[in-house]
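1. Please find the sequence and the predicted model below.
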Amino acid sequence: MAARKIQVGQVWKKEGTGEEFLVTKVYSEALATYAMLSKAGESEGADNRLRVRVERSAEGQTLPGFVFAQEEVG
């Protein structure tokens, strides 16, 4: 499932493991957009963070290897 727009505070589940990750930062670098994810419920540390390139499609934005875990609001 795609989100209309990836934003800080959204929760995404990793495919295969079901681990939940929180979007903590979204930024552009050159011609790509990246999301910084932290494992939900754990203290921040380099081991708990992932940088994932945002993909765009007709349905919205997605994170490869992750599924949007929240319903769209409003």
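-> Alright, I've got the coordinates.
2. any low-confidence regions in the protein?
-> Across the chain, the ranges flagged by pLDDT under 70 are 1, 42-46, 71-74.
3. counting residues per strand, which one in it is longest?
-> In the chain, assigned by DSSP state E, the strand with the most residues is strand 20-29.
4. Convert the C-alpha atoms of that strand to PDB, please.
-> Only the C-alpha atoms of strand 20-29 are listed here, as PDB (Å, rounded to 0.1, in the frame of the first residue of the first chain):
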ATOM      1  CA  GLU A  20       7.500  -1.400  12.800                       C
ATOM      2  CA  PHE A  21       9.600   1.600  11.900                       C
ATOM      3  CA  LEU A  22       8.800   5.300  12.500                       C
ATOM      4  CA  VAL A  23       9.600   7.900   9.900                       C
ATOM      5  CA  THR A  24      11.900  10.400  11.700                       C
ATOM      6  CA  LYS A  25      13.100  12.500   8.700                       C
ATOM      7  CA  VAL A  26      12.300  13.000   5.000                       C
ATOM      8  CA  TYR A  27      14.800  14.800   2.900                       C
ATOM      9  CA  SER A  28      16.000  15.400  -0.700                       C
ATOM     10  CA  GLU A  29      19.400  14.600  -1.900                       C
END
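5. Off-centre distance for it?
-> Put simply, strand 20-29 sits 6 Å off its chain's centre (Cα atoms, centre = their mean, to the nearest Å).
6. For that strand, name the packing helices and strands.
-> Under the contact criterion of 3 or more Cβ pairs under 8 Å, 6 or more residues apart in numbering; DSSP states H and E, strand 20-29 touches strand 11-14, strand 32-39. To be clear about C-beta, it is placed using only N, CA and C from the backbone, and glycine gets the same treatment.
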